[in-house]
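A.B. asks: sequence and predicted structure, then a few things I'm wondering about:
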Amino acid sequence: MSSAISFKQVSKTFPPDVQALKSIDLTVAEGEFLVVVGPSGCGKSTLLRLVAGLENQTHGSIDIFGKDSVQLAPQERNLGMVFQNYALFPHLSVFENMAYGLKVRRESAPEIRKKVEGIAQKLEILEFLRRKPNQLSGGQRQRVALGRLLVRDPKIHLFDEPLGNLDPQFRAGMRSELARLHRENPRSSIYVTHDQAEAMTLGQRICVLCKGEVLQVGTPEEIYDLPSHRFVAEFFGSPGVNCIDGKIVKKEGEPTEFRSGSIQIPLPNHDMPAGSITLGIRPENWTLSAPENGVITGVIERVENLGDHRLIQTSIDDLNIFIKTTKSDIKEKEAVSISPQWEKSHWFERYTGKRI
């Protein structure tokens, strides 16, 4: 599949010396929905603004459908953008907001009406076409902003935290809506968010940014099951991977062990080199047992009943380990033993955070 957008060693520095992006290499395939995710201040929106032509990169190049973006003015890039704050014209009706881009292109009035009403029907806002934005709910305004993009039908769709202002009950519905619209009309899309649930449910691929650097690009399954960095492991999941700093200890004639404080766990069939290391286990990848049967014994500090499962916070020395279980006969302040499911463990370099 050919690439729609290609970043080659792209860096962006804001005066005096704030480096927002560092040597980004990234490709968005034609028709692909790529989600860029990371914490606030990691450079996500800057990445989007470079594609839109609202900022220029300091180093490197961005190709848009094979053309160097430096040679393309923003209006020549055939893209549309949806913002978190909707960016609707308050004095125009819903119809006029959605039709604006088509009027700029000087399309005929019958053609404009046909396109606007067709998209409005898909988005279930047909009855609101005569209203002004201030007469709509947040979810309805976001549908108008999305409709304005879809009516123009540019080749590239850019989304900057578009669901950030919506109530939680509306967000899931809008996620489904966006996924459906992309299936029906695949366009090269970059979707920026700090919400890992949006990234996992919307992205065909996910790009994880941290401090202006790409830590991993992969499918949702790859990001979740094979995190390439400790940060990625802790960022994805609710809660994320339990990371335990410790060391591998090898002694002649004795089983190899992982040690951290009072924790001493024999490692079955592991050929890890001795030395400092970080062990990562997801909350759902622990086995609970009676205090005398597991490899680590701790005290249950808190139990959260989440309906289909319990989230347990277990205290071992100064370490808190989170565990998901479907067991219901669990009480706070009880002792419990836990064992890692080794086939689902993650190992990271202690000081760089990189996956081993």
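C.D. replies: Done, it's in. Note that this is a predicted model, so its numbers are computed, not measured.

A.B. asks: torsion angles phi and psi at the residue of the chain most remote from its centre?
C.D. replies: Distance from the C-alpha centroid of the chain, by CA atoms, centre = their mean, peaks at Gly253 (45.8 Å). Backbone torsions of Gly253, given as degrees, to the nearest 10, read phi 80, psi 0.

A.B. asks: pLDDT score for it?
C.D. replies: Reported pLDDT at Gly253 in the predicted model: 79.

A.B. asks: any idea where the helices of this protein begin and end?
C.D. replies: Using DSSP state H, the helices found in the chain span residues 44-52, 94-104, 109-122, 138-152, 168-184, 196-202, 220-225, 230-235.

A.B. asks: surely Asn85 and Leu163 touch.
C.D. replies: No: if you go by CB atoms under 8 Å, Asn85 and Leu163 don't touch, sitting 12.0 Å apart. C-beta coordinates here come from the backbone N, C-alpha and C atoms, glycine included.

A.B. asks: ok, back up a step: same list (the helices of the chain) but as a markdown table, adding mean pLDDT and distance to Lys344.
C.D. replies: Shown next, in a markdown table, are these (pLDDT from 0 to 100; distance: least, CB to CB, whole Å):
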| stretch | mean pLDDT | distance to Lys344 |
| --- | --- | --- |
| helix 44-52 | 95 | 29 |
| helix 94-104 | 93 | 48 |
| helix 109-122 | 93 | 41 |
| helix 138-152 | 90 | 38 |
| helix 168-184 | 86 | 27 |
| helix 196-202 | 93 | 18 |
| helix 220-225 | 97 | 8 |
| helix 230-235 | 97 | 12 |
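
A.B. asks: give the full set of residues in contact with Arg350.
C.D. replies: Shown in contact with Arg350 (CB atoms under 8 Å, 6 or more residues apart in numbering): 245, 276-278.

A.B. asks: name the surrounding residues that touch stretch 295-309.
C.D. replies: Contacts of stretch 295-309 with the rest of the structure, by CB under 8 Å, 6+ apart, involve 263, 265-266, 291, 310-316, 320-321, 324-326, 330-340.

A.B. asks: what does stretch 70-85 give?
C.D. replies: The contact list for stretch 70-85 (CB under 8 Å, 6+ apart) reads 48, 51-54, 56, 61, 64, 69, 101, 142, 145-146, 148-149, 152, 154-162, 164-165.

A.B. asks: list the buried ones in it?
C.D. replies: Within stretch 70-85, the residues that qualify as buried are 72, 77, 79-84, counting by 16 or more other CB atoms under 10 Å.

A.B. asks: ends of that stretch, how far apart?
C.D. replies: In stretch 70-85, first residue to last residue: 28 Å (CA to CA, to the nearest Å).

A.B. asks: and what of stretch 337-345?
C.D. replies: Start and end residues of stretch 337-345 are separated by 18 Å (CA to CA).

A.B. asks: kindly supply the PyMOL command isolating those of the contacts of Arg350 that are buried.
C.D. replies: Selection of buried members from the contacts of Arg350 for PyMOL, criterion 16+ other CB under 10 Å:
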select buried, resi 277+278
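
A.B. asks: export the contacts of Arg350 to a markdown table and tack on distance to Leu209?
C.D. replies: As requested, the contacts of Arg350 are arranged in a markdown table below (distance: CB to CB, whole Å):
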| residue | distance to Leu209 |
| --- | --- |
| Asp245 | 24 |
| Ser276 | 27 |
| Ile277 | 26 |
| Thr278 | 21 |
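
A.B. asks: nearest to Lys12, of the contacts of Arg350?
C.D. replies: Among the contacts of Arg350, Thr278 lies closest to Lys12 (CB to CB), at 30.9 Å.

A.B. asks: wait, that closest one touches Asn242, no?
C.D. replies: No: using CB under 8 Å, Thr278 makes no contact with Asn242, being 10.3 Å away.

A.B. asks: can you show me the strands along the stretch 251-356 of the chain?
C.D. replies: For the stretch 251-356 of the chain, the strands defined by DSSP state E, counting those that start in this stretch occupy 257-260, 263-266, 275-281, 286-289, 296-305, 310-316, 319-325, 335-340, 346-348.

A.B. asks: nearest to Ala4, of those strands?
C.D. replies: For the strands of the stretch 251-356 of the chain, proximity to Ala4 was assessed by CB to CB; strand 346-348 is nearest, at 32.8 Å.
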